[in-house]
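J.: show me the folded form of this:
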Amino acid sequence: MISRANDSPSFRLLLETTAACIREKGCKKTTLQEIMNRSGLSKGAIYHYVRSKDELFGLILKNKLESLSDSFYQTAYAKKDLHHPMEVIAASVRPFANPDDVTTPILLYLLSQQDQASVRSILEDVYRHSEENSIKWIELGKEAGVIPEHIDARKAVRRFITYSYGLRVRSVISPDEMEEAIADYYELMKRELTKPNT
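T.: Next up is the predicted model:
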């Protein structure tokens with residue numbers, strides 16, 4: 001299991017250097033040795049966070065989820081309604097079509113390696129992390145009275161995650177259609193989660 005890392009300078013440097021390598025070389029050709037050479041971090045410093053390149057990729061995905069979660073809660077508590085937090089979530093898929101965003105290449109790379117037990121475990125961990133975070137968001141909306149009580153949070157979240165995974169694939173195949181796809185994603189969430197006249 002990948003643990004949530006801290007936000008130390010070495011951790012940020014590790015993630016930033018890895019992302020830069022992926023943009024230039026792709027996931028397959030990115031190596032821990034290359035990351036060490038570019039970042040100046042020692043093998044021990046990297047192994048403090050992860051034990052393999054695949055774990056490092058998974059850590060990038062989880063860090064992205066944590067950033068999204070932080071934005072969601074900050075917006076929810078500041079705005080006191082659901083619409084703005086939902087916009088945060090919908091906006092989070094916009095980078096899918098951005099060539100500088102590495103989360104889609106990472107996810108697709110890990111999926112291509114899922115026959116390896118260690119990679120499958122990473123994918124399951126990332127999915128579980130995303131699911132549990134999202135369920136908390138919906139439960140928060142229920143407590144605030146802006147999401148109907150009858151909504152099954154887990155089922156709704158699984159639909160949204162499935163949709164977002166599909167958007168990642170679509171961003172690779174048809175990047176020019178992403179604006180419309182993102183708008184559709186937002187409308188889907190709004191239709192499923194908001195009360196009438198909310």
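
J.: got any ranges where this structure has weak pLDDT?
T.: Filtered on pLDDT under 70, the chain yields the residue ranges 1-6, 76, 78-97, 99, 195-198.

J.: can you pull out the helices in it?
T.: For the chain, applying DSSP state H gives helices covering 9-25, 32-39, 43-47, 53-79, 83-91, 103-112, 117-143, 153-173, 178-193.

J.: ok, residues contacting the shortest one?
T.: Looking back up the chat, that one is helix 43-47. Residues outside helix 43-47 that contact it (Cβ atoms under 8 Å, 6 or more residues apart in numbering): 10, 14, 32, 35-36, 56. In short, each C-beta sits where N, CA and C put it, glycine included.

J.: cool, stretch 51-69 as well?
T.: Counting contacts by Cβ under 8 Å, 6+ apart, the residues outside stretch 51-69 that touch it are 2, 4-5, 14-15, 18-19, 27, 30-32, 35, 46, 49-50, 88-89, 92, 102-103, 106-107, 109-110, 113, 116, 118-119, 122-123, 125-126, 129-130, 133, 137.

J.: quick check, I135 in contact with K155.
T.: No. With contact defined as Cβ atoms under 8 Å, I135 does not count as touching K155 (10.1 Å).

J.: higher neighbour count, the two?
T.: I135 (16 against 9; other Cβ atoms under 10 Å).

J.: which residues touch the more buried one?
T.: I135 makes contact with 153-154, 157 under the criterion Cβ under 8 Å, 6+ apart.

J.: C21: how many residues sit nearby?
T.: 21.

J.: quick one: the nearest residue to it once chain neighbours are set aside from V102, how far?
T.: Nearest residue to C21, sequence neighbours excluded (Cβ to Cβ, 6 or more residues apart in numbering): T30, at 4.3 Å. Distance of T30 to V102, computed by Cβ to Cβ, to the nearest Å: 10 Å.

J.: who touches both of those two?
T.: 18, 22.

J.: my guess is K25 contacts E34. True?
T.: Yes. Look at K25 against E34 with Cβ under 8 Å: they come within range, at 7.5 Å.

J.: out of the two, which sits in the more crowded spot?
T.: Just comparing K25 and E34: by other Cβ under 10 Å the higher neighbour count belongs to E34, 17 against 12.

J.: list the contacts of the more buried one.
T.: 21, 25.

J.: switch to 6 Å and redo it
T.: Neighbouring residues of E34 by Cβ atoms under 6 Å, 6 or more residues apart in numbering: C21.

J.: for I35, same thing?
T.: Shown in contact with I35 (Cβ under 6 Å, 6+ apart): 17-18, 21.
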